[in-house]
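> Requesting a structural model of the entry that follows:
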Amino acid sequence: MSVKYRFVLVLLSLALGACTALPSPRERQDHADNLAAARQWQKGTLTAAPFTLRTYEPVTPRQGDTLAVYIEGDGLAWLNPSQPSADPTPVSPLLLQLALAQREGKAAYLARPCQYAESGAAHCAQRYWTDGRFAPEVIDAMDRALDQLKARQEARALVLVGYSGGGAVAALLAARRSDVVRLVTIAGNLDHRAWTAYHRLTPLDSSLNPADQAQRLAAMSQIHWIGGRDTVMPAELARRWPAALLGPRQENLKLVPEASHGQGWPDPRQTPEFPLGPRSNGKPLP
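A predicted model of the protein is given here:
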């Protein structure tokens, strides 16, 4: 991997962390646990071979047929330009906070492989939060996790919400499933080949690319939130995504002018349409 590629990943990790002192893996896990407990959510685990995945879900079951699953971003991937993090657990779990802000309807948070994992967890090779973060076995495992969440919450349909690299995961999952009624991304990387070319980075040849599945997503309801100040996934690059992802007149793109990659996104309490989209009678569409 080139030094420049590592440097950009470090910038991404710092944007996600948004802090000056790096909390330990245990402190990061405790922070997420405390956020969830304050909203009466509980942590859990799903076995989706070869991984064990962290989840957070409401303690009290909610009504509705549609489950919104919030898929976390890439987390803390790198510590410096030459050293991958030993633990990719997010410092500031944006998608957990957005999941907790959803007051009505079924919701769940799904972490990425090796996030919130116990020390020495099996199958947690560093490639799964660096070069191979969208590897076929990652997407297969996340797909099985969705099946389990859907069954556990007795849902009939899914809305997938993904942040940053989690947007890529959400898109790849939506392309292979028949029960996803809406795809939502926030600063999502939906064409990593274009992204690496834009930044002149080493290609992610071992990862699946959502842009290759654009035609499978063409008929799906989609919302792609992009930040006007995001230098990691810039709006200029998002506007070059395949037409099947953007829709007529790029109507699926929603610009948040003041948002950078890790900060400045709307508070759903003040902006009810963020992130799930328009609402009818208090319920997300469709």
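> can you tell me how far Arg239 sits from Gln250?
6 Å (CB to CB, to the nearest Å). Any C-beta I mention is one placed from the backbone N, CA and C, and that applies to glycine too.
> Same question for Pro88.
Pro88 is 32 Å from Gln250, where distance means CB to CB.
> Neighbours of His261, how many?
Using other CB atoms under 10 Å, His261 is surrounded by 25 other residues.
> does it really touch Gly228, like I thought?
No - the criterion here is CB atoms under 8 Å, and His261 misses it with Gly228 at 11.2 Å.
> CA atoms of the strand or helix carrying Leu160 as CSV?
Element membership for Leu160, per DSSP states H and E: strand 157-163. In CSV, the C-alpha atoms belonging to strand 157-163 read as follows (Å, rounded to 0.1, in the frame of the first residue of the first chain):
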residue,chain,number,x,y,z
ALA,A,157,-38.6,-5.1,4.8
LEU,A,158,-35.4,-3.2,5.3
VAL,A,159,-34.1,0.3,5.0
LEU,A,160,-30.3,0.3,4.9
VAL,A,161,-28.4,3.3,6.1
GLY,A,162,-24.6,3.4,5.7
TYR,A,163,-21.9,5.9,6.6
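> so what secondary structure elements neighbour it?
Judged by 3 or more CB pairs under 8 Å, 6 or more residues apart in numbering; DSSP states H and E, the packing partners of strand 157-163 are strand 66-71, helix 94-101, helix 136-152, helix 165-176, strand 180-186.
> what about 7 Å?
Here strand 157-163 touches strand 66-71, helix 94-101, helix 165-176, strand 180-186, going by 3 or more CB pairs under 7 Å, 6 or more residues apart in numbering; DSSP states H and E.
> Quickly run through the sheet partners of it, with directions.
For strand 157-163, the paired strands and their directions (DSSP bridges) are strand 66-71 (parallel), strand 180-186 (parallel).
> can I get those strands in TSV with distance to Arg269, mean neighbour count and mean pLDDT?
TSV is the format used below for those (distance: least, CB to CB, whole Å; neighbours: other CB atoms under 10 Å; pLDDT from 0 to 100):
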stretch	distance to Arg269	mean neighbour count	mean pLDDT
strand 66-71	16	26	98
strand 180-186	16	25	97
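> For Arg133, which of those is the nearest?
Each of the strands paired with strand 157-163 has some distance to Arg133 by CB to CB; the shortest is strand 66-71, at 11.9 Å.
> who touches the closest one?
Contacts with strand 66-71, where a contact means CB atoms under 7 Å, 6 or more residues apart in numbering, come from 95, 98-99, 102, 105-110, 146, 149-150, 153, 155, 157-162, 166, 169-170, 181, 276.
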